[in-house]
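Enquirer: sharing a sequence plus its predicted fold:
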Amino acid sequence: MDYSAVYEEAAAILSGTGTPVERLQKLCDCLKGTVAHYDWFGFYVSERSKPELFLGPFAGEPTEHTRIPFGSGICGQAASTKAAFVVPDVSAASNYLACSIKVKSEIVIPVFAPGSFDYDRGKGAGEVIGEIDIDSHTKDAFTEEDRDFLESLAILVASDVEALR
């Protein structure tokens, strides 16, 4: 997979016209359609008033998990620890919130407030304002290349995610 071309396409979408919601939705649709193992691609956004995430734009099957408290499930754990999580086999994760029986692996990348990024292999700095959440129907679908790409993408989307809060 040539993630450099995907990154360029993502940057073009995010610098384009439309509202933050429209740009993020277009990005979700693009990435789900472009990367074969991204079967569900979406954003969770941090509430300003309490430690909870709410579902933002996404592409894929609807989910019942529209609100997730910090610390609950993989997404909530990523938000509370400010760390990325790669789950090669969701059936082996005791804290996984099942979205679909089709999901076999997941990756969650925190999005930090604009200007406060320090992705040092799982250690972020600043306030978590949201996260990128991706599910795959394939076990062990996510590589270091995915993680590097998504951490770079998290920096690009920060302003639009912040606007959703």
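Expert: Arrived safely.

Enquirer: can you map out the strands along the protein?
Expert: In the chain, the strands defined using DSSP state E lie at 40-46, 52-59, 67-69, 85-87, 105-112, 128-136.

Enquirer: quick check: closest non-adjacent residue to Leu55.
Expert: Thr66 (4.4 Å; Cβ to Cβ, 6 or more residues apart in numbering). Where C-beta positions appear, they are placed from N, C-alpha and C, glycine not excepted.

Enquirer: ok, that neighbour touching Gly56?
Expert: No - using Cβ atoms under 8 Å as the test, Thr66 is too far from Gly56 to be in contact (9.9 Å).

Enquirer: quick one: which of these two has more around it?
Expert: Taking other Cβ atoms under 10 Å, Thr66 and Gly56 do not tie; Gly56 has more neighbours (22 against 11).

Enquirer: pull the contacting residues for the nearest residue to that one once chain neighbours are set aside.
Expert: Using Cβ to Cβ, 6+ apart and skipping the chain neighbours, the partner closest in space to Gly56 is Phe43 (3.9 Å). Listed by Cβ atoms under 8 Å, 6 or more residues apart in numbering, the contact partners of Phe43 are 24, 28, 55-58, 111, 130-133, 157, 161, 164.

Enquirer: please apply the same query to Leu27.
Expert: Ala10, Ile13, Leu14, Pro57, Val157.
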